[in-house]
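Visitor: Quick one, structure for this:
(2 chains)
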Amino acid sequence: AQSVAQPEDQVNVAEGNPLTVKCTYSVSGNPYLFWYVQYPNRGLQFLLKYITGDNLVKGSYGFEAEFNKSQTSFHLKKPSALVSDSALYFCAVRDMTTDSWGKFQFGAGTQVVVTP
Amino acid sequence: GAGVSQSPSNKVTEKGKDVELRCDPISGHTALYWYRQSLGQGLEFLIYFQGNSAPDKSGLPSDRFSAERTGGSVSTLTIQRTQQEDSAVYLCASSLASSYYNSPLHFGNGTRLTVT
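Guide: Numbers count the residues shown, from 1 in each chain, chains lettered A, B, ... in the order given. Here you go, the predicted structure:
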């Protein structure tokens, strides 16, 4: 089965500093990777996706993610973090294997705390 | 356009009572998912509907949980004889057909269930 892993429960960063949220994947075949953000008391919001093409994907709110096939990683990045970026971030892979056609598999989530 | 709509937004029920949670997906979205999220935690997959295919019920935690999707649109998640451990936020999400593998999930704001 396809899966993603988020090795960090929490990431702390000072406002204005670069932010990185890590995600590694395990898939057979082509990976279809997504990042979501969850603000307090809200549902998840789509940030960006990698399907094919350029390894650097740009998304909403100034976020980008780098797909690295050799390291099987899809880390989320933002050059300069804002306090308002404090939220829970989820990496996901869309499982296109026969048994789970189209099903999304989510990582455990990483809490990002940006301090002023 | 309208997003994924869930009702009620909050539900408080007594232990042992049955509850029904409703999800109205985005029009035209044939894939529909239910997830459960305990406070500040990750997403627990419950069930996945894809068009007219048999639903993937592999995540339902017990036979007290069931879900249906009428007419390929609105879905209802039913929990019978609720227990305190059922307290959580229940999230619904929808997407285009799984054949559109680059289609992201769109989430509702969830139903917060509290079992007293």
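Visitor: Now residue A:83. Its backbone dihedrals?
Guide: Phi and psi for residue A:83, reported as degrees, to the nearest 10, are phi -60, psi -30.
Visitor: which non-adjacent residue is nearest residue A:103?
Guide: residue A:95 (4.8 Å; Cβ to Cβ, 6 or more residues apart in numbering or on different chains). C-betas here are computed from N, CA, C, even on glycine.
Visitor: again with residue B:41
Guide: Leaving aside its chain neighbours, residue B:41 sits nearest to residue A:109 (7.3 Å; criterion: Cβ to Cβ, 6+ apart).
Visitor: Can you report how many residues lie near that neighbour?
Guide: 24 (other Cβ atoms under 10 Å in any protein chain shown).
Visitor: residue contacts, the residue in chain A that chain B sits nearest to?
Guide: The minimum distance from chain A to chain B, using Cβ to the nearest Cβ, falls at residue A:102 (2.4 Å). Residue A:102 sits next to A:94-96, B:31, B:48, B:50, B:95, B:97-99, B:101 when contact means Cβ atoms under 8 Å, 6 or more residues apart in numbering or on different chains.
Visitor: Identify, from these, the entry nearest to residue A:30.
Guide: Ranked by distance to residue A:30 (Cβ to Cβ), the contacts of residue A:102 are led by residue A:96 at 7.7 Å.
Visitor: Scan chain A for its longest strand.
Guide: Across chain A, the longest stretch assigned as strand under DSSP state E is strand A:87-95.
Visitor: Next, the buried residues of that strand.
Guide: A:87-95 (16 or more other Cβ atoms under 10 Å in any protein chain shown).
Visitor: Now for those: which two are most distant?
Guide: The widest separation within the buried residues of strand A:87-95 (Cβ to Cβ) is 25.0 Å, between A:87 and A:95.
Visitor: pLDDT at residue B:98, what is it?
Guide: pLDDT, residue B:98: 68.
Visitor: returning to that earlier point: out of the buried residues of strand A:87-95, which one sits closest to residue A:6?
Guide: residue A:91 (5.6 Å).
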